[in-house]
Each structure stands twice: as structure tokens, then as C-alpha cells.
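Engineer: sequence first, then the predicted structure, then my questions.
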Amino acid sequence: MSRIVVALGGSALGDAPQEQPDKVVEIAKAIAPLVNAGHQVILCYGDAPQVGLINLAFDLAHRNTGSPAMHMGECTAMDEGYMGFHLAQSIDNEMAKTCPQKQPTITILTQAVVDEKDPAFENPTKMIGEYYTEEQAKKYSEETGDKYVKVGDKGWRRIIASPKPVGFCEETTLKTLLNQHDMIIAAGGGGIPVARDEYGYKGIPAVIDKDVAAEKLAEMLDADMLLLLVHTDKVILDDGTPEGHEVSEITAEDAKKQMDRLKQIGMQTKVAAAVDFAESGMGRKAIIANVHHALEAADGRSGTIIKAA
């Protein structure tokens with residue numbers, strides 16, 4: 001049995017609420033076999049489409065009715081609740097088909113601790129919300145202090161910091177639960193960003209990349225494997241060119257040298273997370289694989305394996 005932290009992209013869960021019930025069932029069919037095969041699974045998922053809709057709804061209500069604005073941290077917490085519910089229910093339904101004796105999936109609201117001195121706060125990069133005219137963006141920026149950036153001919157979008165987590169408030173709880181449960185959902189959307197203050201912790205307006213959060217979670221929980229699920233079968237070097245080819249296995253050191261050859265959207269972040277985990281401890285490995293081949297990847301029969309050496 002292996003302890004596996006799984007990182008799942010938010011787009012896999014659909015871009016609109018109407019899609020999500022069917023998408024979640026698809027994901028459950030990929031994740032449940034890992035647990036039924038005897039692995040412990042901690043699932044961390046991205047939530048860009050989902051939390052974006054939640055935040056947009058509050059923004060529109062605030063500007064049109066004067067209702068209170070809602071920070072991104074609270075929006076992430078709402079998403080952790082409702083997407084965690086959908087995922088847990090679907091995974092349990094799928095596990096019950098072959099292993100009805102399994103303990104139910106546990107969903108944990110997870111606070112990701114960040115350092116307020118993280119350079120990301122000086123250089124926000126994550127775009128959220130809808131597109132605005134330059135006039136609107138200037139007006140909203142003056143009202144709230146938020147930063148906006150021009151995106152081609154589409155207009156202006158708000159940008160927000162994406163710091164790296166240095167830990168999770170629920171570390172002890174998660175480790176305790178792993179003694180009793182084989183399927184846990186944690187750090188949804190990368191976790192709810194918080195920072196230390198004189199009283200304990202406080203919420204921080206930021207979003208955390210789920211691959212980075214999953215890597216930190218995997219280290220913290222002493223996982224054997226970090227499984228990053230995507231929509232391609234393997235990592236592709238020079239994708240979209242005549243030299244493009246799939247990679248079945250690569251060392252962490254070689255992977256760092258190939259970063260400029262990763263053309264797929266978001267792949268550099270995933271490979272960087274995989275490298276960090278592979279180098280974090282003896283025998284640890286990361287695998288980047290197709291979401292529909294999760295069990296095969298965990299068994300070493302699919303995907304790209306990244307090892308320390």
C-alpha cells in the first residue's frame with residue numbers, strides 16, 4: 001500500500017455548475033480504484049473555474065446592490081465545502097460498488113499558512129474574475145486597491161498574489177485521520193490562505209496553486225507518491241513541434257534542465273512540484289499522468305515518472 005497525494009486540475013471538474021455533477025462522477029471513477037486497490041489517497045484539487053464564479057457572484061452583488069464584498073479566502077472556503085461534498089459523495093458511491101466496507105471519504109477545510117513577506121505579494125500573477133474596460137478597472141482599483149492587468153484585446157482583469165504555502169493549520173488533524181481513513185479530501189483550491197498574527201492566524205487575500213499545495217501536503221504527510229493528474233498521457237517535450245515527444249521517466253535533475261521545453265499550459269508548475277517532491281526524501285517519486293489512468297500510473301504502468309536519481 002502506498003500513501004498518495006493526488007493533485008487534480010480544476011478544469012477537470014467543469015467550468016460551470018451544470019457540468020459539475022457529471023464531471024465529478026468521472027473523477028470518482030478514476031480516484032476510487034486507487035483506494036479500492038489498497039492505497040491511501042489524499043486528494044487536492046484546483047478550483048479556478050469554481051472559485052472564480054463564486055467570487056464573481058459576490059462582486060456583482062456588491063457593485064449592484066451594495067451587499068458586503070467577499071474576500072478570496074472566504075470564496076475558497078465555500079468552494080472547499082461544496083466541491084468537497086460533491087467529490088466525497090461521488091467517490092464513496094463509486095467505492096461502494098466493489099468495497100462497501102471502506103470508511104467514508106472525509107473532506108477537511110484546510111488553511112494554508114503563507115508568509116506575508118513572500119515576493120508573490122509584490123508581484124501578483126493570478127488572474128481572477130471577468131474582463132473590464134480600462135475605465136472600470138481604474139475605478140475598481142481606486143475603490144479597493146486591487147491590481148488589474150490588460151489581457152490582449154479582451155480587456156482588463158484583476159490579478160492577485162499566489163504565494164507558496166509553508167504549512168497547513170490542520171497538519172495534526174490530517175495525520176490523525178490517516179490512521180482511520182484511506183480517502184481524504186484536503187487543501188481544495190490549494191487551501192484557504194492564512195498568515196500568522198499576534199492572535200494566531202488571519203485570512204489573507206490570495207490564491208494558492210494546487211500543485212504547489214499538493215507538493216507541500218505530500219511532504220508534510222510523508223507520502224510515498226505525488227500523483228499529478230492531467231489530460232495528456234505523459235509529459236511532452238517540445239510539444240507542437242516536429243521534435244515533440246513523450247517522456248516516460250526522467251530524473252529530477254534532468255527535469256530541471258528541460259523546463260524551457262515544456263510548452264503545455266501549466267506544465268512547468270507541475271514538473272517543478274514533481275521535482276521538489278522527488279528531491280524531498282529517500283524513495284519518493286512523482287508521476288504526471290492522464291486523469292483516466294490514475295491506477296495504472298500509481299502502479300508504474302502509465303504517465304511520466306520523476307525520481308531523484
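Structural biologist: Noted; the coordinates are in hand.
Engineer: which strand residues bridge the spatially closest residue to Glu116 that is not a sequence neighbour?
Structural biologist: Leaving aside its sequence neighbours, Glu116 sits nearest to Ala195 (C-beta to C-beta, 6 or more residues apart in numbering; 4.8 Å). For the C-beta atoms, the positions are set from N, CA and C on the backbone; glycine is no exception. Bridge pairing for Ala195 (DSSP bridges) gives the partners Lys202.
Engineer: and Ala195, how many neighbours?
Structural biologist: 19 (other C-beta atoms under 10 Å).
Engineer: gap between it and Cys99?
Structural biologist: Distance of Ala195 to Cys99, given as C-beta to C-beta, to the nearest Å: 40 Å.
Engineer: so which residue is dead centre in this protein?
Structural biologist: With distances taken as C-alpha atoms, centre = their mean, the residue of the chain nearest its centroid is Lys210 (2.3 Å).
Engineer: isn't it up against Ser11?
Structural biologist: No - the criterion here is C-beta atoms under 8 Å, and Lys210 misses it with Ser11 at 11.3 Å.
Engineer: which neighbours do these two share?
Structural biologist: Residues within reach of Lys210 and of Ser11 at once, by C-beta atoms under 8 Å, 6 or more residues apart in numbering, are Gly46.
Engineer: pLDDT weak spots in the stretch 51-200 of the chain?
Structural biologist: Within the stretch 51-200 of the chain, no range satisfies pLDDT under 70.
Engineer: quick one: the strands in it, in order.
Structural biologist: Ranges of strands within the stretch 51-200 of the chain are 106-107, 111-114, 126-132, 147-151, 155-160, 165-168, 183-185, 192-197, 200-203, based on DSSP state E, counting those that start in this stretch.
Engineer: can you list the buried residues in the last one?
Structural biologist: With burial defined by 16 or more other C-beta atoms under 10 Å, the residues of strand 200-203 counted as buried are Gly203.
Engineer: in space, what's closest to the residue nearest to the centre of the chain - neighbours in sequence excluded?
Structural biologist: Gly46 (4.0 Å).
Engineer: show me the contacts for that neighbour.
Structural biologist: Applying C-beta under 8 Å, 6+ apart, we find Gly46 in contact with 7-11, 189-190, 209-211.
Engineer: against Val35, how distant is it?
Structural biologist: Gly46 is 21 Å from Val35, by C-beta to C-beta.
Engineer: next one: Ala161
Structural biologist: Where Val35 is concerned, Ala161 sits at a distance of 35 Å (C-beta to C-beta).
Engineer: for Thr251, phi and psi?
Structural biologist: As for Thr251, its main-chain torsions (degrees, to the nearest 10) stand at phi -80, psi 160.
Engineer: count the residues that sit near the residue nearest to it when sequence neighbours are not counted.
Structural biologist: Closest residue to Thr251 apart from its sequence neighbours, by C-beta to C-beta, 6+ apart: Ala309 at 5.6 Å. Residues lying near Ala309 (other C-beta under 10 Å) number 8.
Engineer: could you pull up the residues touching Ala309?
Structural biologist: Per C-beta under 8 Å, 6+ apart, neighbours of Ala309: 251-253.
Engineer: in TSV, list those residues along with pLDDT, neighbour count and distance to Asn55.
Structural biologist: As requested, the contacts of Ala309 are exported to TSV (pLDDT from 0 to 100; neighbours: other C-beta atoms under 10 Å; distance: C-beta to C-beta, whole Å):
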residue	pLDDT	neighbour count	distance to Asn55
Thr251	95	16	40
Ala252	95	21	35
Glu253	94	12	39
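Engineer: buried sites along stretch 284-296?
Structural biologist: Counting neighbours by 16+ other C-beta under 10 Å, stretch 284-296 gives 284-295 as buried.
Engineer: ok, so of those, who is nearest Gln264?
Structural biologist: Closest approach between the buried residues of stretch 284-296 and Gln264, by C-beta to C-beta: Ile288, at 10.1 Å.
Engineer: quick check: the closest one is in a helix.
Structural biologist: No - assessed with DSSP: H, G, I helix; E, B strand; the rest coil, Ile288 is strand; it does not lie in a helix.
Engineer: that one: what's it in contact with?
Structural biologist: Residues counted as contacts of Ile288 (C-beta under 8 Å, 6+ apart) are 228, 230, 234-235, 267, 270-271, 274, 303-304, 306.
Engineer: can you tell me which of these end up in strands?
Structural biologist: 228, 230, 235, 304, 306 (DSSP state E).
Engineer: for the second one, what are its contacts?
Structural biologist: If a contact means C-beta under 8 Å, 6+ apart, then Val230 has 9, 264, 267, 270, 288-291 as its contacts.
Engineer: now distance to Ser90 too, for the strands of the stretch 51-200 of the chain, in JSON lines please.
Structural biologist: Below are the strands of the stretch 51-200 of the chain laid out as JSON lines (distance: least, C-beta to C-beta, whole Å):
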{"stretch": "strand 106-107", "distance to Ser90": "12"}
{"stretch": "strand 111-114", "distance to Ser90": "24"}
{"stretch": "strand 126-132", "distance to Ser90": "27"}
{"stretch": "strand 147-151", "distance to Ser90": "34"}
{"stretch": "strand 155-160", "distance to Ser90": "30"}
{"stretch": "strand 165-168", "distance to Ser90": "24"}
{"stretch": "strand 183-185", "distance to Ser90": "11"}
{"stretch": "strand 192-197", "distance to Ser90": "23"}
{"stretch": "strand 200-203", "distance to Ser90": "29"}
